[in-house]
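1. Output the structure for:
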Amino acid sequence: VIIHGANALRDRLARQLNFEKIVIESVSGYSSVFSDEQALDLIMMAYSGLKNKRIVEMCQQAGINAIGLSGMDGGLIRARRNRGIKTVQNGKRMILRDFSGKPQKLNSELLQDLLEKGYTPVLCIPLLDENGFAVNSENDDILVLLQSELRAEKIISFIEAPGFLDEKDDEDSLVKTMSAVELERREEQVEGRMKRKMLALRKLFAAGPTTVILADGRTQNPLRDALAGSGTVIT
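-> A predicted model of the protein is given here:
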């Protein structure tokens with residue numbers, strides 16, 4: 001199963017369309033993109049449109065019978081819309097509400113049917129909220145939901161770094177191996193997007209035993225490199 005993002009493509013489209021992306025930070029220190037209706041349109045264009053179909057195209061060229069789906073298609077992934085994000089704006093605390101949510105329910109029958117028939121699902125946002133509206137969500141949270149159903153033996157998560165770095169600006173400070181019990185301590189030493197990822201990894205291991213490889217997605221052959229031992233292996 002492939003779960004993909006398209007942040008760079010979304011940001012490029014935003015610049016071309018003169019749309020300003022808004023990043024907000026919660027009072028607990030986790031950052032996310034504010035998702036209004038225009039931002040959701042960009043998500044549909046970038047994620048479930050261009051990027052999803054290009055990945056399906058590449059898979060098909062490599063002999064992988066891929067099928068591209070957003071969380072909305074077939075009601076694949078249902079979410080509970082966020083009641084509001086507690087944030088600080090201009091020194092004042094406030095609650096911002098947008099079209100974002102937490103994945104809650106997987107259409108396991110659809111996913112298993114595709115897998116049993118030999119298809120490789122290529123999945124992305126948006127998801128469906130409880131009222132059938134499209135919502136943005138975090139891939140790391142989607143992964144936790146999928147793992148609770150699929151119980152994968154190995155999960156490879158690509159990031160824009162060689163793996164987990166002991167010093168965030170020093171690519172030579174790669175941590176080669178990590179135990180799941182270390183994750184909470186490691187979460188305290190990072191910030192921004194990486195802080196959110198470490199929190200999601202803790203939830204992932206709470207769902208059951210697995211092996212996670214945090215690997216560099218910028219290389220020529222990232223999957224091959226990860227399977228050959230690059231990145232950070234968490235067990």
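
2. tell me which strands and helices the lowest-mean-pLDDT helix or strand in the chain is in contact with?
-> Taking mean pLDDT, DSSP states H and E as the measure, the chain has strand 31-33 as its least confident helix or strand, at a mean of 75. Contact partners of strand 31-33 among helices and strands, from 3 or more CB pairs under 8 Å, 6 or more residues apart in numbering; DSSP states H and E: strand 23-25, helix 192-206. From N, CA and C alone the C-beta is placed, and that goes for glycine too.

3. which residues are contacting that strand?
-> Residues outside strand 31-33 that contact it (CB atoms under 8 Å, 6 or more residues apart in numbering): 21-26, 39, 85, 100, 136, 138, 192-193, 196.

4. so which of those is the most crowded?
-> residue 100 (25 neighbours; other CB atoms under 10 Å).

5. which residues touch it?
-> Per CB under 8 Å, 6+ apart, neighbours of residue 100: 32, 35, 81, 82, 85, 135, 136, 137.

6. burial measure for residue 17, as a count.
-> Residue 17 has 11 nearby residues by other CB under 10 Å.

7. how about the residue nearest the centre of the chain, what does it touch?
-> Most central in the chain under CA atoms, centre = their mean is residue 139, positioned 1.9 Å from the mean C-alpha point. Shown in contact with residue 139 (CB under 8 Å, 6+ apart): 3, 4, 5, 125.

8. do residue 80 as well
-> 101, 102, 104, 129, 130.

9. Tell me which of the helices and strands packed on strand 31-33 approaches residue 93 most closely.
-> strand 23-25 (12.2 Å; CB to CB).

10. Mind listing residues that contact that closest one?
-> Contacts of strand 23-25 (CB under 8 Å, 6+ apart): 31, 32, 33, 34, 85, 87, 88, 96.
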